[in-house]
Structure formats: structure tokens, C-alpha cells
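*Asks:* I'd like to go over a predicted model; first the sequence, then the structure.
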Amino acid sequence: MKDAVVAACELLRAGDVVALPTETVYGLAADAFNPEAVAKIFTVKERPAFDPLIVHIASRGDLKDVAVVPEEIAAVVNQLTAAFWPGPLTLLLPKQPSVPDIVTSGLPTVAVRQSAHPVFRAVCKALGSPLAAPSANRFGRISPTSATAVMKELGGRIPLVVDAGACAEGVESTIISIEPRAGKKPIFRLHRAGPITKEQLQEYGRVEKVKPSVGEIPQAPGQLASHYAPLTPLILLEKPEDFVPEEGKRYGLLSYTGDEDSPYVTMHEWEVIEALSPGSGKLAEAAIRLFFVMRQLDEAGLDGIIAEPVSETGLGVAIMDRLRRASIRVAE
Ligand code: TXA
Ligand code: MG
């Protein structure tokens, strides 16, 4: 691991990009304070300049280097970072002028988190600078939860992928902004559901959803309707009866448990069935496997991927959010 950290730092110091594991998904990292290096992230990912990046800091104390914490929310930011950092919670805060505009797509706010992954943390600490890092996939595609998936997405475009095995969470960090309220708990606007659940956040504030906007340019960045999309069309069902197969087409099922008695499993002669949480039906396992299973099905040469819904509680909210966005297609 030490060699990989040294190699990653050398490249980052030279203004290059490197794919690194985080506890959520693999990220494509560059020195956040080097605008030319950050520009490479956008080029490599084919990411539009209007979609801002998350800045990852090495320690809680580094927050002040990238963000300004307004007095009215200082206490709750302290509580949240004490409770959930290092970990998969991203906070939207007013940015420090020193953060290059390219990182935030010109927005006055910056998205910040501290990753819990030992390799990511080691690189960030050794570099001595925060890392801007989006998920290491081509824009709009399935996020990578292994080094192999990064290679499939970006192989040949980047000088180094640090392989630390599969990611422990499997879906991207929860993103919130904070609105103070006099005499009451603050409002947390949920910009993206993730591993830190509404139920966990509710102890510190009132959680409200940000409505996704449909169309080219999002009203709130991060809210692009179509995202995490396989190349094969994906249909998310509400109930088994909603599936109307077309004659002669080959379909694969993205099942929750894969249980042979499940109505989703029995309703059709599937070409292939992939289960998110085989047998037991656990949301944490389903989240870890979600992008891996989506990628498997995408590579199976099917005409359609049919996804079974999961219950929308806890981590199920993030899973359903990813499945919904994977099912929306925009003309290319
Ligand atoms: O778990 C994660 O968050 C992973 C790992 C690598 O840290 N990163 C990740 O980055 O998912 P990315 O770029 O794939 O998603 C970041 C999201 C984007 O949807 C972006 O629009 C949103 O965060 N975002 C970034 N800065 C923002 C800002 N200032 N205001 C609103 N949304 C912002
Ligand atoms: Mg992404």
C-alpha cells in the first residue's frame, strides 16, 4: 500500500489525475487547489463543466481551508462532522475564495467530505492538499465499486488506478445543505440520498428532499435526472404486473433476493437473474452490490434490464434513487 500511496502522490503533485478507492465508490482524484489538474478530471470523465466536484479533506481541521462555516450553523456542522466523519456524508457550505472556480463550477458553495478509506486518507494526508474527486466513471454511467470497473470506464485515459478491492458502502455519499432556523433544529436539504440515511440525520435536523429537475442543465447541480445508467435500457418496476415483455427480446432480472419463489423471479423466463442481496435481503448488502450487479447485467448482451423495487427505508432510499436515475434515458 505504501508504494501505491507514494506513486499516487507523485502523480498528483505533478498535476495529474489518479483513481483512488473510497469507502463509497472509486474516485478520480486531482489536487483541488490545482485548476489545471482539476480540468483533467472533466476531460477524462467527459463531464460537463457545470457539474461541480466534491472536495475531500484529510482531517476535520482542514474544513476551514476550503469552506466557510457560517456562525448560525457552526454548532450543527460540528455535531455532524463529529458523528459522521470520516465517512460518506458530504456537506454543501460557502466556499473559501482559494478553492478554484472550476471545482465548484462557479458556484459560491463547495461540497466537502472526509473519506474513511485508509488508502484515500493516506494519499490526501501525504499530499498535504485536499483532493477534488468525482466517481471514476464516464459521465452519466455506472459508478465503479472496484478497480476492474474503473479500468473498464477509464482504462487508457489515466496513469494509475490504486486497487484496494471492493468498496465497503457501494453507493455515493449522502449530500446535504443546511438551513438554520431560529430556536429550532436546522433543515437539512437532501441533495443526494446515500449511506448516511435520513433516519440517522434526523437526530440533528429536519430532513427535506430536493426535487430533481428533468432536462439538460439541473437547477441544483447533482440533480441530473439521468445518471448511473447502463447502456442497456433499464426498467424499474413498481409491481410484477407492470412488466410487458416484447416478443423475441432478451431480458435480465435485477432481483432483490433472487428467491426462486419471488413473483418477479417466476413471472418470466429470464435470460439471467442477478440478486442484489442473495437469499437474505439486506439493504446494506444490496447497496454494496448494486453497481456491480448493474454492470454484470449491462455486459450480458440483453435487450432490457428489468429491476425489482426495494423498500424505500434506510439505505433503500439511496438504492431506489440510483435505480430511478438509471432508468431514465435522454437522447444522445
Ligand atoms: O461518495 C462520493 O461522494 C464519491 C466519492 C468519490 O467521494 N464522489 C462522487 O462524486 O459521487 P460525483 O462527482 O460523482 O458526485 C458529486 C455530486 C454531483 O452530483 C455534483 O453535482 C454534486 O455532488 N455537487 C458538487 N458540488 C456541489 C455544489 N456546490 N452544489 C450542489 N451540488 C454539488
Ligand atoms: Mg458520479
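*Replies:* Looks like it came in fine. Ligands and ions are numbered 1, 2, ... in the order given.

*Asks:* list the beta-bridge partners for Ser135.
*Replies:* Taking DSSP bridges, one obtains Gly27 as the residues bridged to Ser135.

*Asks:* tally of neighbours for it?
*Replies:* 27 (other C-beta atoms under 10 Å). C-beta here means a position set from N, CA and C on the backbone, and glycine is covered the same way.

*Asks:* and the nearest residue to Ser59 once chain neighbours are set aside, how far from Thr174?
*Replies:* Leaving aside its chain neighbours, Ser59 sits nearest to Gln114 (6.9 Å; criterion: C-beta to C-beta, 6 or more residues apart in numbering). Plainly put, Gln114 is 13 Å away from Thr174 if you go by C-beta to C-beta, to the nearest Å.

*Asks:* between the two, which one's more packed in?
*Replies:* Set Gln114 next to Thr174 and count neighbours by other C-beta under 10 Å: Thr174 wins out with 28 against 23.

*Asks:* can you pull the contacts of the nearest residue to the more buried one once chain neighbours are set aside?
*Replies:* Distance criterion C-beta to C-beta, 6+ apart; nearest residue to Thr174, sequence neighbours excluded, is Gly194 at 3.4 Å. Counting by C-beta atoms under 8 Å, 6 or more residues apart in numbering, Gly194 makes contact with Thr24, Pro88, Leu89, Thr90, Glu169, Val171, Glu172, Ser173, Thr174, Ile175, Ala318.

*Asks:* repeat that for Gly165.
*Replies:* Each residue near Gly165 by C-beta under 8 Å, 6+ apart is listed here: Pro21, Ser146, Ala147.

*Asks:* per-residue pLDDT, it?
*Replies:* Gly165 is assigned 97 on the pLDDT scale.

*Asks:* let me know the secondary structure of it.
*Replies:* coil (DSSP: H, G, I helix; E, B strand; the rest coil).

*Asks:* tell me where the stretch 1-150 of the chain has strands.
*Replies:* Assigned by DSSP state E, counting those that start in this stretch, the stretch 1-150 of the chain shows strands spanning 18-20, 27-31, 54-56, 89-94, 109-113, 131-132.

*Asks:* equivalent analysis for the stretch 151-300 of the chain, please.
*Replies:* Going by DSSP E, counting those that start in this stretch, the stretch 151-300 of the chain shows strands at 174-181, 184-192, 206-209, 234-236, 251-255, 272-275.

*Asks:* show me what contacts the residue nearest to Ser59?
*Replies:* Gln114 neighbours (C-beta under 8 Å, 6+ apart): His56, Ile57, Ala58, Ser59, Arg60, Thr81, Trp85, Pro86, Gly87, Arg121.

*Asks:* my read: the second one touches Ala67, true?
*Replies:* To tie it back to what came earlier, the one meant is Ile57. No. Under the criterion of C-beta atoms under 8 Å, Ile57 is not in contact with Ala67, lying 9.0 Å apart.

*Asks:* now list whatever residues contact both of these two.
*Replies:* Val112.

*Asks:* who's more crowded, these two?
*Replies:* Ile57 (25 against 22).

*Asks:* separation between that one and ligand 1?
*Replies:* Distance, Ile57 to ligand 1, using C-beta to the nearest ligand atom, to the nearest Å: 11 Å.

*Asks:* may I have the phi/psi pair for that residue?
*Replies:* Main-chain torsions, Ile57, degrees, to the nearest 10: phi -110, psi 160.
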